[in-house]
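Chemist: Generate coordinates for the sequence data below:
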Amino acid sequence: MVTEPTSRDRRRWAQYLVNERAEARVYRELAERKVGHEHDILRSLADAEGRHEAHWLELLGGEPASLPRASTRTRMLGWMARHFGSIFVLALAQNAEGRSPYDDDPHATAAMAADEKVHQEVVRGLAARGRRRLSGGFRAAVFGANDGLVSNLALVMGIGAAGAPPQFVLFSGIAGLLAGALSMGAGEFVSVRSQREMLDATEPGEFAAGILPDLDLDANELALVYRTRGMGADDALARAERVLERARRADAAAPNTDPVSVGDDHDVVGSAWRAALFSFLCFASGAIIPVLPWIFTMSGLPAVILALVLVGLALLGTGAMVGLLSGASPLRRALRQLLIGYGAAAVTYLLGLLFGVSLG
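Modeler: Residues are numbered from 1 along each chain as shown. Down below sits the predicted model:
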């Protein structure tokens, strides 16, 4: 026996309807910026949202006279799709698809609930490409900005707590900015360059064409080379036999390297110069914030309070961005960043108070 839907049911269906329409619009807008298979994938996601929309329209008996607004998260997705890069939108969409209410709604079909789970994995795969492109420079940018925020806040608060005059606090803050930014940039350059050199040393080598025909087909030690590159024993043996067979048939002057692709880890590491520049600029941009009150001739407790507020807002922003791009809760990451930053500043401030008392 089919029960008559309640007004609450109809309101919920109407909300699902507008959310599905908004999400389909987001995927279509993202698809317009892409080409090739990424364009096709995003259009397919939009079509799937359209099928879900048709389901709720059928339950509602047609287009309702009035519809609610889309959810805040869905409206944010649409706004970001129009104004920002796809990586931010896809990261939010991944979270949204993972929180689908269809698992617990008796009026949603099992196919719709399964679709949402698959959509989450599809969006995760699309977002992963952007995350890999961002990883090197983004890591340096986040670490640099947070290091600048926390270290320079701790520096000026510690010096201020010790009773130093405002001019000395300002000078110390600017000196800390320059020293930290140069150190961060140089350290990041050395770190990334060293990692790239290590990856270069692990790249597959090539075989001289002349040695392949001389290898023992029965022992076939060439198969060991392919096994070290990630292939299974049977696949490695079959690959080695094909290489040796071609080498024996081919002209000795023809190259027979047949390398195994192991992926491009260099894209994940990023450029050393870009990472160094990002670290320098982001440390400097973070380190200047705690000094701003003293730059504008403030002093004493008002300057300290304003510095805390400005740095707190910046920490919340960087933490939320990290959470967004990592697929985690932006609020949780923002609060974690804030607590870590304020904790370090509080310890330094207390040390400054003790130092000031001991000098007095």
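Chemist: for the lengthiest helix in the chain, packing partners?
Modeler: Longest helix in the chain, counting residues (DSSP state H): helix 110-161. In terms of contacts (3 or more CB pairs under 8 Å, 6 or more residues apart in numbering; DSSP states H and E), helix 110-161 is packed against helix 36-60, helix 86-98, helix 166-202, helix 266-269, helix 272-287, helix 300-326, helix 330-359. C-betas here are computed from N, CA, C, even on glycine.
Chemist: Pick out the shakiest of those, pLDDT-wise.
Modeler: Mean pLDDT is lowest for helix 266-269 among the helices and strands packed on helix 110-161, at a mean of 50.
Chemist: Could you export the helices and strands packed on helix 110-161 to TSV, including columns for distance to residue 240 and mean neighbour count?
Modeler: Output for the helices and strands packed on helix 110-161, formatted as TSV (distance: least, CB to CB, whole Å; neighbours: other CB atoms under 10 Å):
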stretch	distance to residue 240	mean neighbour count
helix 36-60	33	17
helix 86-98	41	22
helix 166-202	20	17
helix 266-269	27	15
helix 272-287	36	23
helix 300-326	41	18
helix 330-359	48	16
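Chemist: Quick one: the ones you listed as TSV, columns for distance to residue 156 too.
Modeler: Converted to TSV, the helices and strands packed on helix 110-161 look like this (distance: least, CB to CB, whole Å):
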stretch	distance to residue 156
helix 36-60	47
helix 86-98	32
helix 166-202	5
helix 266-269	34
helix 272-287	10
helix 300-326	6
helix 330-359	9
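Chemist: follow-up on the earlier one: orientation of the longest helix of the chain relative to helix 272-287 in degrees?
Modeler: Relative orientation of helix 110-161 and helix 272-287, computed by axes from the mean of the first three to the mean of the last three CA atoms, to 10 degrees: 60 degrees.
Chemist: for helix 110-161, the distance to its chain's centre please.
Modeler: Centroid separation for helix 110-161 versus its chain: 4 Å, with CA atoms, centre = their mean, to the nearest Å.
Chemist: Domain map for this protein?
Modeler: Listed domain ranges for the chain are 7-132, 134-200+268-359, 207-249 (source: automatic domain parsing).
Chemist: Report the rounded mean pLDDT for the shortest one.
Modeler: If I follow you right, that is domain 207-249. Here domain 207-249 scores 66 as its mean pLDDT.
Chemist: before we move on, what about stretch 104-120?
Modeler: The average pLDDT within stretch 104-120 is 84.
Chemist: Contacts for it, please.
Modeler: Stretch 104-120 is contacted from outside by 9, 12-13, 16, 45, 48, 51-52, 55, 59, 94, 97-98, 100-103, using CB atoms under 8 Å, 6 or more residues apart in numbering.
Chemist: and with 10 Å instead?
Modeler: 5, 9, 12-13, 16, 20, 23, 27, 44-45, 48-49, 51-52, 55-56, 59, 93-103, 122, 327 (CB atoms under 10 Å, 6 or more residues apart in numbering).
Chemist: export that stretch as CSV, just CAs?
Modeler: Only the C-alpha atoms of stretch 104-120 are listed here, as CSV (Å, rounded to 0.1, in the frame of the first residue of the first chain):
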residue,chain,number,x,y,z
ASP,A,104,18.9,6.8,4.5
ASP,A,105,16.0,8.2,2.5
PRO,A,106,13.4,5.5,1.6
HIS,A,107,12.2,7.5,-1.4
ALA,A,108,15.6,7.5,-3.1
THR,A,109,16.4,4.4,-5.2
ALA,A,110,19.3,2.1,-4.5
ALA,A,111,20.7,3.1,-7.9
MET,A,112,20.7,6.7,-6.8
ALA,A,113,22.6,6.0,-3.6
ALA,A,114,25.1,3.9,-5.5
ASP,A,115,25.5,6.7,-8.1
GLU,A,116,26.5,9.1,-5.4
LYS,A,117,29.2,6.8,-4.1
VAL,A,118,30.6,6.3,-7.5
HIS,A,119,30.4,10.1,-8.2
GLN,A,120,32.6,10.6,-5.1
